[in-house]
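[1] show me how the following folds:
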Amino acid sequence: MSTINVKVVKVEILDHPGADRLDIARIGGFGGYECVVTKGEFDTGDLAIFIPPDSILPENILKHQQEHKKISIPGGRIRAVNVRGKLSEGLCLPPLDWLSNKEVKEDNDITELLGVTKYEPPPPGAGSIFKSGKGINRNYDNPRFSKYTSIDNIKKYPKVLEENEQVVATVKMHGTNFRCGWVRKPNYKKSLWRRCKELFVKPKEVTIDEDIQEFLVGAHNVIRYAKKGAELDNDLYWRAVLKYNLKDIARNMADMLALVDHTYKPGPHDIIIYAEIIGPKIQVGYDYGVGEGDIEIRIFDIKYNGEYIGWGDIQFLCVDNKMPCAHSVYEGPWYPGLVEKAEAMDVYNGKKYTREGIVIKPVKERLDRKCGRVIFKAISPAYLLDKKNSENH
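    Numbers count the residues shown, from 1 in each chain. Model (predicted):
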């Protein structure tokens, strides 16, 4: 998942190698988004409105593009297209056609002003593999069971990663996002005795305490809370928990992290495992060699006591607990050409699959004032241009 920001940006204009009447507008310098524009519409250094991929255009912009540019945009959604041999991602508009002089300032966020929204894929059908079994409550909430990071395309922030910064790049598999783990219960779920005890008694040195913690399971947006007697075998996400014994695995991972935590504090300690579920019928054309009726997971991140842990710790925990981990395709100093690894083909069980892309992050977790957590995705052009692929990427 990612966010949508429509901004006034400075563009760099490049010649289109396959069309005399077209140019390429580059946003953010080398490694940034590139979109095809009309020849002479912009010069290098000009300001432009840049609307990124997966944006939904308002009716007035749609009508203008249709009438003045003869461009039809199905559903109003901006998506990657091939224009005379060049991948075009996004839409550039002349600022003064849509903004007042005082609004035309570089880096001005005009998403709401223009009425642009983010494209959201439709939810899976009720009869799909994603349906909930009997006894699964999808309206439960616990703020401590946090959703996974919103990962932006590296083209949005091409200069955040520092030269020679140690990074890891992992394969972005095309499945469904999954999370599970132990987190503190909301206060209203604790007994009166427990709430009173917490006021006066120092916590024991434990990592998991079922009196005040609960094990939760969910997709990216929805917690799939299992009531007593729930049919867990009929729920995709709980099937993953049962197959890999993740309730105990998460407890053990928390114990291991507590042992090496130099800022150790008395428990309980929250832990959330983030993974991708893959297998037949989850995403069309991407079973990754998993047998019919089966599923697998690939763990790609872990949060411990509210903070994401480093890649080395993730690998250690997965190996020690015999858990499948996201496949690393590169570990070393950052260089812009690394994004080309998103374009590879992968082979699973003798069958080739177009790689959806890669996820790039520093080996040592850090934040940046522009983007928050430093973690990015690079999506394969071949994947983007294949209309059979899912809308989720």
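[2] tell me the helix or strand right after the longest helix seen in the chain.
    As assigned by DSSP state H, the longest helix anywhere in the chain is helix 246-260. Beyond helix 246-260 on the C-terminal side, the first helix or strand identified by DSSP states H and E is strand 271-278.
[3] any idea how this structure splits into domains?
    Using automatic domain parsing, the domain parsing of the chain gives 7-118, 136-385.
[4] minimum distance to residue 129: which of those domains has it?
    domain 136-385 (4.8 Å; CB to CB). Where you see a C-beta, it was placed from the backbone N, CA and C, and this is true even at glycine.
[5] now the end-to-end length of that closest one.
    Its first and final residues considered, domain 136-385 spans 37 Å by CA to CA, to the nearest Å.
[6] how far out from the middle of the chain is it?
    11 Å (CA atoms, centre = their mean, to the nearest Å).
[7] still on that earlier bit, of all the domains of the chain, which one is nearest residue 130?
    Nearest of the domains of the chain (CB to CB): domain 136-385, 5.9 Å.
[8] rewinding a little: any chance of the domains of the chain in a markdown table, plus distance to residue 128?
    Shown next, in a markdown table, are the domains of the chain (distance: least, CB to CB, whole Å):
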| stretch | distance to residue 128 |
| --- | --- |
| domain 7-118 | 21 |
| domain 136-385 | 8 |
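[9] what's the least confident stretch among those?
    Ranked by mean pLDDT, the domains of the chain end with domain 136-385 at the bottom, a mean of 91.
[10] ok, residue 47 to residue 98 distance?
    As judged by CB to CB, to the nearest Å, residue 47 and residue 98 stand 12 Å apart.
[11] between the two, tell me which one has more neighbours.
    Higher neighbour count among residue 47 and residue 98: residue 47, with 20 against 16, using other CB atoms under 10 Å.
[12] beta-bridge partners for that one, please?
    residue 10 (DSSP bridges).
[13] quick check, it in contact with residue 96.
    No - applying CB atoms under 8 Å as the test, residue 47 and residue 96 come out as separate, 9.3 Å apart.
[14] quick one on the thing from earlier: who does the longest helix of the chain touch, helix- and strand-wise?
    Counting contacts by 3 or more CB pairs under 8 Å, 6 or more residues apart in numbering; DSSP states H and E, helix 246-260 is packed against strand 176-184, strand 271-278, strand 296-304, helix 311-320.
[15] of the ones you listed, which is nearest residue 68?
    Closest among the helices and strands packed on helix 246-260, using CB to CB: strand 176-184, at 39.8 Å.
[16] and the angle for the closest one with helix 246-260?
    Relative orientation of strand 176-184 and helix 246-260, computed by axes from the mean of the first three to the mean of the last three CA atoms, to 10 degrees: 60 degrees.
[17] partners of strand 176-184 in the sheet?
    Per DSSP bridges, strand 176-184 is paired in its sheet with strand 213-218 (antiparallel), strand 271-278 (antiparallel).
[18] got a list of what residue 6 touches?
    Contact partners of residue 6, counting by CB atoms under 8 Å, 6 or more residues apart in numbering, are 49, 50, 51, 52, 55, 109, 110, 111, 114, 116.
[19] just the closest of those residues to residue 165, please.
    residue 52 (24.5 Å).
[20] quick one: the closest residue to that closest one other than its chain neighbours and residue 165, what's the gap?
    Spatial nearest neighbour of residue 52, excluding adjacent residues (CB to CB, 6 or more residues apart in numbering): residue 90 at 5.0 Å. Distance of residue 90 to residue 165, computed by CB to CB: 27 Å.
[21] more neighbours: which of these two?
    Remark: of residue 90 and residue 165, residue 90 carries more neighbours, 21 against 16, as counted by other CB under 10 Å.
[22] touching, the more buried one and residue 54? I think so.
    No - applying CB under 8 Å, one finds residue 90 not in contact with residue 54, separated by 9.7 Å.
[23] if we go by neighbour counts, what in stretch 155-162 is buried?
    155, 156, 157, 158, 160, 161 (16 or more other CB atoms under 10 Å).
[24] in a markdown table: these, plus secondary structure and distance to residue 4.
    Output for the buried residues of stretch 155-162, formatted as a markdown table (DSSP: H, G, I helix; E, B strand; the rest coil; distance: CB to CB, whole Å):
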| residue | secondary structure | distance to residue 4 |
| --- | --- | --- |
| 155 | coil | 13 |
| 156 | coil | 10 |
| 157 | coil | 14 |
| 158 | coil | 17 |
| 160 | coil | 18 |
| 161 | coil | 22 |
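[25] now those as JSON lines including distance to residue 79?
    Output for the buried residues of stretch 155-162, formatted as JSON lines (distance: CB to CB, whole Å):
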{"residue": "155", "distance to residue 79": "14"}
{"residue": "156", "distance to residue 79": "16"}
{"residue": "157", "distance to residue 79": "20"}
{"residue": "158", "distance to residue 79": "20"}
{"residue": "160", "distance to residue 79": "24"}
{"residue": "161", "distance to residue 79": "26"}
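[26] contact partners for residue 95?
    8, 47, 48, 49, 103, 104.
[27] what is the burial count for the third one?
    The criterion is other CB under 10 Å. On that basis, residue 48 has 23 neighbouring residues.
[28] for residue 275, see how far away it is.
    In this view, residue 48 and residue 275 are 40 Å apart by CB to CB.
[29] picking that back up, and residue 296, which of the strands paired with strand 176-184 is closest to it?
    Closest among the strands paired with strand 176-184, using CB to CB: strand 271-278, at 5.4 Å.
[30] ok so, going back, keeping just the C-alphas, turn the longest helix of the chain into CSV.
    C-alpha atoms of helix 246-260 as CSV (Å, rounded to 0.1, in the frame of the first residue of the first chain):
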residue,chain,number,x,y,z
LEU,A,246,2.4,-19.0,14.7
LYS,A,247,0.8,-18.5,18.1
ASP,A,248,3.7,-20.3,19.8
ILE,A,249,6.3,-19.1,17.2
ALA,A,250,5.4,-15.5,18.0
ARG,A,251,5.7,-16.1,21.7
ASN,A,252,9.1,-17.7,21.2
MET,A,253,10.4,-14.9,19.0
ALA,A,254,9.4,-12.4,21.7
ASP,A,255,11.3,-14.4,24.3
MET,A,256,14.4,-14.5,22.1
LEU,A,257,14.2,-10.7,21.5
ALA,A,258,13.8,-10.0,25.2
LEU,A,259,17.0,-12.0,25.9
VAL,A,260,19.1,-9.8,23.6
